[in-house]
Every structure is written in C-alpha cells, then in structure tokens.
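Enquirer: Build me a model:
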Amino acid sequence: MHELGTGEMSRASGLSLKALRLYEADGLLVPASVDPVTGYRRYGEAELARARSIQALRRVGMPLARVRELLDAPPDSVRRELTAWWAAERAAFARRSQVVDVVAETASNEHLDTLTVAAAAVGDRVRVDHRDGRMLASITRVVEQTELVPTIIADVIALRRQLAEQGAQPGDAHQVVFHEPVGFDLPGRIETAVPYEGRADPVGEVVLRAEPAMGFAAVDVTADELAYPALLRFYDAVHRAAELRGGATGAPRELYERPWSTVPGEIVATIAVPIALQA
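Expert: So this is what the prediction gives:
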C-alpha cells in the first residue's frame with residue numbers, strides 16, 4: 001500500500017479530519033512521517049489499522065482514555081479487557097433504565113410468530129448478490145450473545161494489527177460468519193474475518209484461507225435494524241430466498257463493508273447467506 005495523505009487517511013479510516021488532528025495532538029494516532037518543510041502528513045498500513053480500531057471503539061462509546069489503554073495493551077489481553085468493559089457498560093445501562101434482558105429460549109410462541117411475519121414483510125428487500133474470491137484472515141470462537149459485540153471488535157483489531165505488522169494490507173471491511181446460532185445462554189461458534197492483500201503468515205489462533213467467489217441471498221440493514229433479536233427476521237428472510245434458489249450452500253453471515261452510521265435509514269451492514277452461483 002502506498003502511504004496515505006491526511007484526506008486519504010480520513011476516507012479510508014472513517015475518522016474525520018478534525019479527529020485525526022486531535023488524535024495526533026493527543027499522541028493517540030501519530031503519522032508515520034511529517035514533512036519538516038510542508039508539514040504534509042503521511043500514514044502507513046500500521047497507522048491505518050490503528051485508526052480503524054479507534055473508530056470501532058469510539059463507535060461503541062468507549063472513552064478516549066480507555067481506547068488508548070486498550071490499543072497499547074498486549075494483544076492477548078485486548079479481548080479480555082474489552083469484554084469486561086462491555087459487560088460493565090451493559091450492567092450500568094440496565095441499572096439506569098431498569099431493562100431486563102429476555103432470554104431467547106423463553107420467547108413466547110406469539111413473539112416467534114411476530115418474527116416470522118416480520119421476515120415476510122422484509123422479503124422484498126432481499127436481492128441476489130455476488131462477491132469475488134479473496135483471501136481472509138480469521139479467528140473462530142464460541143461465544144454467547146452478551147460476548148458477541150466485544151469479541152467481534154477485539155478480533156477485528158487483532159487481525160488488522162497482525163496483518164499490518166506482517167506488511168499485508170487488511171481491507172476496511174470485515175465479516176462475521178455464524179457457523180452455529182448464538183443467543184442469550186446459547187453459546188455458538190462464530191468466525192470473524194478480515195480480507196487482505198499481500199503476504200501474511202498464520203500466527204496463533206489466526207487462520208488464513210482463500211474464500212472462493214460466492215453468490216448470496218442478501219439484505220441491507222441499518223444500525224437500528226441490527227438490534228437483537230429483531231434482526232432475526234432478516235436472517236429468516238434471506239434463508240427463505242435461498243430456499244427458492246436451491247437452498248443455502250454455507251453459513252449465514254453479517255458483512256460490514258460500509259462506514260458505520262447512525263443516520264436513520266443509512267445502510268451499515270448486509271445480512272447474507274451463500275447460494276449457488278448461476279451458470
């Protein structure tokens with residue numbers, strides 16, 4: 001990857017120009033080099049990976065002081081510390097709002113029927129999509145619903161950091177493959193993956209694999225629509241669409257290929273299930 005100027009860095013990382021200036025002044029995100037005459041800043045792969053990690057952590061509300069601590073912590077402690085922070089935030093929110101999580105397994109038949117009706121309602125949003133083949137670096141874990149978000153963020157951070165350190169070019173997208181269902185008190189196997197270009201080697205729990213070109217039954221969703229368990233209606237909708245085309249050929253997944261946004265109606269992710277490519 002060629003080094004990025006400030007504007008390119010802003011577009012690639014999702015951080016505003018103002019944020020880049022503030023984080024540089026604070027020492028949180030320092031450019032790879034600064035021209036002593038022009039003041040022109042250049043950023044490399046390592047800085048881009050760190051910027052994307054900052055953006056992901058700020059997106060879930062982590063204070064800057066904790067972001068610094070987490071990014072400067074040893075790699076094997078990031079997931080543990082992020083999960084602990086996430087659990088504390090959830091507990092604080094529950095105390096403030098007196099919200100009690102409803103265990104998925106105790107959902108009433110009426111609630112399940114509601115999800116089924118909702119899946120039919122979003123069926124017209126499902127499309128047939130295609131992705132070219134690519135190389136993926138991934139980490140697979142068994143998690144429950146309460147661990148899902150911090151685990152995904154921590155593993156994306158770890159994957160991008162390792163790829164950048166090896167000189168590979170991690171993509172700005174990532175995906176989460178649900179090899180097994182995940183719910184409250186329902187542990188399931190998930191695979192968090194980051195696409196990359198260049199040369200890399202597997203280290204520890206990181207697996208490198210070639211993902212072939214794939215067809216998908218897919219539906220785009222907004223940030224509000226990703227809330228669990230309401231998002232299950234989108235999974236039901238893409239599975240129904242796959243059945244009409246001969247059935248799913250792989251595990252369902254969430255594709256994060258756009259900058260995160262809380263603007264109402266703006267797409268942030270795609271829920272998809274693989275289907276056979278048409279000849």
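
Enquirer: which residues of the chain score low on pLDDT?
Expert: For the chain, the stretches with pLDDT under 70 are 1, 93-121, 279.

Enquirer: pretty sure S261 is in a strand, no?
Expert: No. Under DSSP: H, G, I helix; E, B strand; the rest coil, S261 sits outside any strand and is assigned coil.

Enquirer: surely it meets V268?
Expert: Yes. Using Cβ atoms under 8 Å, S261 is in contact with V268, at 5.7 Å. To be clear about C-beta, it is placed using only N, CA and C from the backbone, and glycine gets the same treatment.

Enquirer: Give me the common contacts of those two.
Expert: A223 (Cβ atoms under 8 Å, 6 or more residues apart in numbering).

Enquirer: Of these two, which one has the most company?
Expert: Neighbour totals were compared for S261 and V268, and V268 leads with 20 against 14 (other Cβ atoms under 10 Å).

Enquirer: what's stretch 62-77 in contact with?
Expert: Against stretch 62-77 from outside (Cβ under 8 Å, 6+ apart): 26, 28, 50, 53-54, 57-58, 78, 81-82, 85, 157-158, 161-162.

Enquirer: Narrow those to just the buried residues.
Expert: 28, 50, 53-54, 57-58, 78, 81-82, 85, 157-158, 161-162 (16 or more other Cβ atoms under 10 Å).

Enquirer: need these in CSV with distance to P252 and secondary structure, can you?
Expert: As requested, the buried ones among the contacts of stretch 62-77 are exported to CSV (distance: Cβ to Cβ, whole Å; DSSP: H, G, I helix; E, B strand; the rest coil):
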residue, distance to P252, secondary structure
L28, 36, coil
R50, 31, helix
S53, 26, helix
I54, 29, helix
L57, 26, helix
R58, 28, helix
V78, 27, helix
E81, 29, helix
L82, 24, helix
W85, 28, helix
I157, 24, helix
A158, 23, helix
R161, 27, helix
Q162, 26, helix
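
Enquirer: Okay, helices next: where are they in the stretch 51-200 of the chain?
Expert: Under the criterion DSSP state H, counting those that start in this stretch, the stretch 51-200 of the chain carries helices at the ranges 64-71, 75-97, 109-121, 145-165.

Enquirer: so which of those gets nearest P212?
Expert: helix 145-165 (20.0 Å; Cβ to Cβ).

Enquirer: tilt between that closest one and helix 64-71?
Expert: Counting by axes from the mean of the first three to the mean of the last three Cα atoms, to 10 degrees, helix 145-165 lies at 70 degrees to helix 64-71.

Enquirer: Can you point out the buried residues in helix 145-165?
Expert: 145-164.

Enquirer: Ok, stretch 123-133 next?
Expert: For stretch 123-133, the neighbour count (16+ other Cβ under 10 Å) marks G123, V126, D129, R131 as buried.

Enquirer: separation between the closest residue to the first one other than its chain neighbours and A217?
Expert: For G123, ignoring the flanking residues on the chain, the nearest one in space by Cβ to Cβ, 6 or more residues apart in numbering is A237 at 5.1 Å. In this structure, A237 lies at 8 Å from A217, with Cβ to Cβ, to the nearest Å as the measure.

Enquirer: shared neighbours, these two?
Expert: By Cβ under 8 Å, 6+ apart, the residues touching both A237 and A217 are V126.

Enquirer: This structure - how does it break down into domains?
Expert: As given by automatic domain parsing, the domain ranges for the chain are 6-71, 123-275.

Enquirer: highest average neighbour count across those?
Expert: Mean neighbours per residue, mean count of other Cβ atoms under 10 Å, is largest over the domains of the chain for domain 123-275, with a mean of 18.

Enquirer: and that domain, how far out from the chain's middle?
Expert: How far domain 123-275 lies from its chain's middle: 7 Å, per Cα atoms, centre = their mean, to the nearest Å.

Enquirer: Also stretch 72-85?
Expert: On Cα atoms, centre = their mean, the centre of stretch 72-85 falls 17 Å from the chain's centre.
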